[in-house]
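1. coords please:
(2 chains)
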Amino acid sequence: MDELIKYAPDLALGFLENVKLSIVGVIASLILGTVLVAMRVSPTPVLRAAGTVYVNVVRNTPLTLVLAFSALGLSDQLGLVFSETPTTNSFWIVAMGLSLYTAAFVCEALRAGVNTVPMGQAEAARAIGLTFMQSLTMIILPQAFRAVIAPLGSVMIAMIKNTTVATAGGFLLESAAVMKITFDTTGASIPIFLGLVVAFMALTMPIGFFTGWLSRRLAVVR
Amino acid sequence: MTTSVLFDAPGPRGRLRNHALTVISVIAVGAVLYGVYRGFDAKGQFEGKIWEPFLRWETWDFYIIPGLIGTLRAAAVAAVLALVFGAVFGLARLSDHKWIRVPAGAVVEVFRAIPLLLLIFFIFYLAPMVAGGGDYAFIAVVLGLMLYNGSVLAEVVRAGVYAVPKGQSEAAYAVGMRKNQVMRLVLLPQAVTAMMPAIVSQLVVLLKDTALGYIIAYVDLLNTGFKILPARFFGSLIPAAIVIGVIYVTLNMALSYLATWLERRSRRSRKTAARPVAAPGSAEVGVGAGQGTEGGGLAPDKPLE
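-> Just a heads-up that it's a prediction; the model follows:
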């Protein structure tokens, strides 16, 4: 318990970085995922194919490889630099890798949602003369989003837990890296581990409950 | 294509517009690819020199194949252990005894909620304190994967048993079977069929997550291919990433196709009355999702027993 009290400020700062990564990741991956799903249902075969290839490749690549490649390959070797400060740069590199990775899962969740919208709705939209973009943005996606709130919540919870893999992208300020550093000095400490577990559960469990509640509230009754 | 209903069979103007869109998107996709190509080329990533090591047998013999074996070994051991863990805890959660059901439920919920890397770090640092010095990278990776994926599989087992229509166990009790017999002879054989796709999908997740071993220096494909190999052949980091990326994607896609095939098979299977179940917390959306119906509701094409 003493160790937890001693290292609590460091761990809290580390955890704050996980929260920041999560916020950036949620926003960026939702936007990217929506663009990807629009590509995957579009009438243009080239965009459909590009979206499909992207989603299948990214979903089957380990996140550790994505992040390590972003840091060592794209940043160090190819000179993709977001900031002159090394820690800020690695934060954004990790945020980018995490969002690009999560977007593929967001896309799949949304696509499953698009499939829950009855065919008659799309037919009716076409019958009153809406274009593809109009029927997508006014009829299909609003209903699809409602159907996938709970699964999207699961994707977001997974992403929040995945912020700990930031270590693989060379971002060493977040809580998993901080925990590793304290373990290097003190040896494994059960209180520190449990403290972080509780912190992550406090972050993810409300999301699960909230998205579950919201999905029931917003459910499209058919 | 269920999504093609979004747009009509195009008329002359629509066709023209689609052709224009196709041309624009070809240019856009091409521009992105060319930009990546130029970026790589400017840094000399297409020189034969840094790709040459991958044409030599010793590179594969000394680095890539041992790494691949490391990955597959960890995945195989963890998969077996996770299946056992999942079966034990999944059935324990279904127990009629509160003192078994509640602790099992707590274990499953907690291990599902912990970020896997934290769990692996913890085991990695705890093991030497408990069992003395040594290399615990393999054990930490395998135990971490077992606890996390085993917990998810426990939920799959529970969902699979619930997916068997209630009348089946009622009928089994009516003909005088005991609880144990109902589970063993009636529910589980049908549940396993319904669970197969979800189990295989979870094994893809498990295989992918072995790459976390890279962070604690477990000698897996990512480690030998991305850390050791580029250090040996200077400058070949990008080619190494591409080669091992292709290996990972191929492995996982093969497993995913197996899952899809199994799902299609169990959907039309007449040996089970249970519908295929999705892994809890997965991004899959059933037909009845969002309406709070358990197990996807009534299926119109449910086979008659």
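
2. Whether the helix or strand of chain A with the lowest mean pLDDT contacts chain B - can you check?
-> Within chain A, no helix or strand scores below helix A:132-134, which has a mean of 82 by mean pLDDT, DSSP states H and E. Yes. Helix A:132-134 is in contact with chain B by Cβ under 8 Å from any Cβ of the partner chain, via A:Phe132. Where you see a C-beta, it was placed from the backbone N, CA and C, and this is true even at glycine.

3. buried stuff in that helix?
-> A:Phe132 (16 or more other Cβ atoms under 10 Å in any protein chain shown).

4. Please apply the same query to stretch B:175-194.
-> B:177, B:182-183, B:186-188, B:190-194.

5. swap in stretch A:80-99?
-> Neighbour-count burial for stretch A:80-99 flags A:80, A:89-99 (criterion: 16+ other Cβ under 10 Å).

6. Relative to the whole chain's centre, how far out is that stretch?
-> Between the centre of stretch A:80-99 and the centre of its chain there are 16 Å (Cα atoms, centre = their mean, to the nearest Å).

7. Chain A contacts on the stretch 101-250 of chain B?
-> So far as Cβ under 8 Å from any Cβ goes, the stretch 101-250 of chain B lies against chain A at B:110, B:113-118, B:121-122, B:125-126, B:128-129, B:204, B:208-212, B:214-215, B:222, B:226, B:237-238, B:241, B:244-245, B:248-249.

8. Of those, which belong to helices?
-> Using DSSP state H, the members of those that fall in helices are B:110, B:113, B:116-118, B:121-122, B:125-126, B:128-129, B:204, B:208-209, B:222, B:237-238, B:241, B:244-245, B:248-249.

9. ok, back up a step: same list (the buried residues of stretch A:80-99) but as JSON lines, adding pLDDT and distance to chain B.
-> What follows is these, written out as JSON lines (pLDDT from 0 to 100; distance: Cβ to the nearest Cβ, whole Å):
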{"residue": "A:Leu80", "pLDDT": "81", "distance to chain B": "8"}
{"residue": "A:Asn89", "pLDDT": "90", "distance to chain B": "17"}
{"residue": "A:Ser90", "pLDDT": "91", "distance to chain B": "15"}
{"residue": "A:Phe91", "pLDDT": "93", "distance to chain B": "17"}
{"residue": "A:Trp92", "pLDDT": "93", "distance to chain B": "18"}
{"residue": "A:Ile93", "pLDDT": "92", "distance to chain B": "15"}
{"residue": "A:Val94", "pLDDT": "93", "distance to chain B": "13"}
{"residue": "A:Ala95", "pLDDT": "94", "distance to chain B": "17"}
{"residue": "A:Met96", "pLDDT": "94", "distance to chain B": "15"}
{"residue": "A:Gly97", "pLDDT": "94", "distance to chain B": "12"}
{"residue": "A:Leu98", "pLDDT": "95", "distance to chain B": "13"}
{"residue": "A:Ser99", "pLDDT": "95", "distance to chain B": "16"}
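
10. Okay, now the unreliable bits of the stretch 51-200 of chain B?
-> Counting by pLDDT under 70, the stretch 51-200 of chain B contains no low-confidence range.

11. how about the helices of it, start to end?
-> With helices called from DSSP state H, counting those that start in this stretch, the stretch 51-200 of chain B shows them at B:57-59, B:65-93, B:98-113, B:116-131, B:137-163, B:166-174, B:179-181, B:188-209.

12. ok, B:Phe138 - contacts?
-> By Cβ atoms under 8 Å, 6 or more residues apart in numbering or on different chains, the contact set of B:Phe138 is B:73-74, B:213, B:218.

13. Against chain A, how distant is it?
-> Distance, B:Phe138 to chain A, using Cβ to the nearest Cβ, to the nearest Å: 16 Å.

14. Would you agree B:Tyr148 is in contact with B:Leu117?
-> No. Under the criterion of Cβ atoms under 8 Å, B:Tyr148 makes no contact with B:Leu117, lying 10.2 Å away.

15. coming back round to it: just name the most buried of the helices of the stretch 51-200 of chain B.
-> Here the criterion is mean neighbour count by mean count of other Cβ atoms under 10 Å in any protein chain shown, and of these the winner is helix B:137-163, at a mean of 24.

16. my read: A:Gln134 touches A:Ala125, true?
-> Yes. The criterion here is Cβ under 8 Å, and A:Gln134 meets it with A:Ala125 at 7.4 Å.

17. chain center to stretch B:116-130: distance?
-> Using Cα atoms, centre = their mean, the offset of stretch B:116-130 from its chain centre is 23 Å.

18. C-terminal to the longest helix belonging to chain A, what's the next element?
-> Identified as the longest helix of chain A according to DSSP H is helix A:2-40. Going down the chain from helix A:2-40, the next helix or strand is helix A:45-59, by DSSP states H and E.

19. buried residues in that next one?
-> Buried-residue list, helix A:45-59, by 16+ other Cβ under 10 Å: A:46-48, A:50-51, A:54-56, A:58-59.
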